[in-house]
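Q: from the sequence below, what's the structure:
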Amino acid sequence: MTRKTTDLLCLLCVAVPVLLAAWLWPELPDPMPSHWNAAGDVDGTLPKFWGVAVTPLVAVGVWLLFRLIPIISPQGFRTDEFPDVLQVFLLASVAFTSLVGVLVILAAIGIDVRMNQVILAAMGLLFMVIGNFLGKVRKNFFIGIRTPWTLASDEVWGRTHRLAARLFVLGGAVMLVGGLLKLPPMWLVAVIVLSAFYPVLHSFLLYRRLEGFRPDDD
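A: Next up, the predicted model:
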């Protein structure tokens, strides 16, 4: 996927909640719901303008951040070796954020979107997309499992990301099914913790086994 294609698709994703909000503006309450608790009940609101604007602004911020990463990455840790992966991660992140914006607008006008279920299912899809490409990420300071031990060893980086890729796909599938079947939130939290944090521990254990923590030679 080219950069130009990615930017166009991201623009379309951001435009969807903005145009939907403009169309439904007279029907949107002020304030409008902006946060839901674990039971799916609204427990937070924002003024109408900010309730509509937050997710498009976050999506634009994500886009700017991803476009800044290749520019500020130092030599030896550039993202030039995996530009296609960067485009996929950017588009997936912006699409997810825009979906949240659409759901918030629909919920605000009284449509039962089952917010928690849909968000968890969408998050599962996001994890699966990331997992399918995570193994192709090369050593850098911004994307991937960036621990002192992965950054210090190409071998630890590669093996940690291959494990993380499998965990993200598996965890995403569980979140997708869990969201659709209304599994208890704690099960889903456990899946996220395992998928996101176990690779960090794994990188430490793997580095200790492969490299050790011997004092540097004088």
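Q: nearest residue to the residue most central in space within the chain in space, ignoring adjacent ones along the chain?
A: The structure's the chain has its C-alpha centroid closest to Ser93; by Cα atoms, centre = their mean the separation is 5.3 Å. Closest residue in space to Ser93, ignoring its immediate chain neighbours: Val62 at 5.0 Å, by Cβ to Cβ, 6 or more residues apart in numbering. (Glycine included, C-beta is placed from N, CA and C.)
Q: which helix in this protein runs the most residues?
A: helix 154-181 (DSSP state H).
Q: so what does that one touch, helix or strand wise?
A: helix 115-134, helix 148-152, helix 185-210 (3 or more Cβ pairs under 8 Å, 6 or more residues apart in numbering; DSSP states H and E).
Q: between those helices, which one is closest to Ala39.
A: helix 115-134 (8.1 Å; Cβ to Cβ).
Q: show me which positions of that closest one end up buried.
A: In terms of neighbour count (16 or more other Cβ atoms under 10 Å), helix 115-134 has its buried residues at 115-131, 133-134.
Q: what does stretch 46-64 give?
A: For stretch 46-64, by 16+ other Cβ under 10 Å, it's 46, 48, 51-56, 58-59, 62-63.
Q: now, those that are in helices?
A: Per DSSP H, the buried residues of stretch 46-64 map to helices at 48, 51-56, 58-59, 62-63.
Q: closest to Ser153 out of the residues you listed?
A: Nearest to Ser153 among those, with distances taken as Cβ to Cβ, is Val62, at 29.6 Å.
Q: which residue, other than its chain neighbours, is closest to Trp157?
A: Sequence neighbours aside, Thr150 is the residue nearest to Trp157 in space, at 4.3 Å (criterion: Cβ to Cβ, 6+ apart).
Q: just Ile145 next, same as before
A: Per Cβ to Cβ, 6+ apart, closest to Ile145 is Pro199, 4.8 Å.
Q: ok, how many other residues are close to the one you found?
A: By other Cβ atoms under 10 Å, the residues close to Pro199 number 26.
Q: the one 3 residues further on too?
A: Using other Cβ under 10 Å, His202 has 20 other residues around it.
Q: what helices or strands is the least confident helix or strand in the chain by mean pLDDT leaning on?
A: In the chain, the helix or strand scored least confidently by mean pLDDT, DSSP states H and E is helix 185-210, which has a mean of 85. Helices and strands touching helix 185-210, by 3+ Cβ pairs under 8 Å, 6+ apart, are helix 115-134, helix 148-152, helix 154-181.
Q: pull the contacting residues for the residue nearest to the centre of the chain.
A: Shown in contact with Ser93 (Cβ atoms under 8 Å, 6 or more residues apart in numbering): 62, 66, 126.
Q: with Leu126 instead?
A: Counting by Cβ under 8 Å, 6+ apart, Leu126 has contacts 92-93, 96, 172.
Q: just checking, Pro74 is part of a strand?
A: No: Pro74 is assigned coil when assessed by DSSP: H, G, I helix; E, B strand; the rest coil, not a strand.
Q: quick one on the thing from earlier: show me which residues of the least confident helix or strand of the chain are buried.
A: Buried-residue list, helix 185-210, by 16+ other Cβ under 10 Å: 188, 191-192, 195, 199, 202-204, 206-207.
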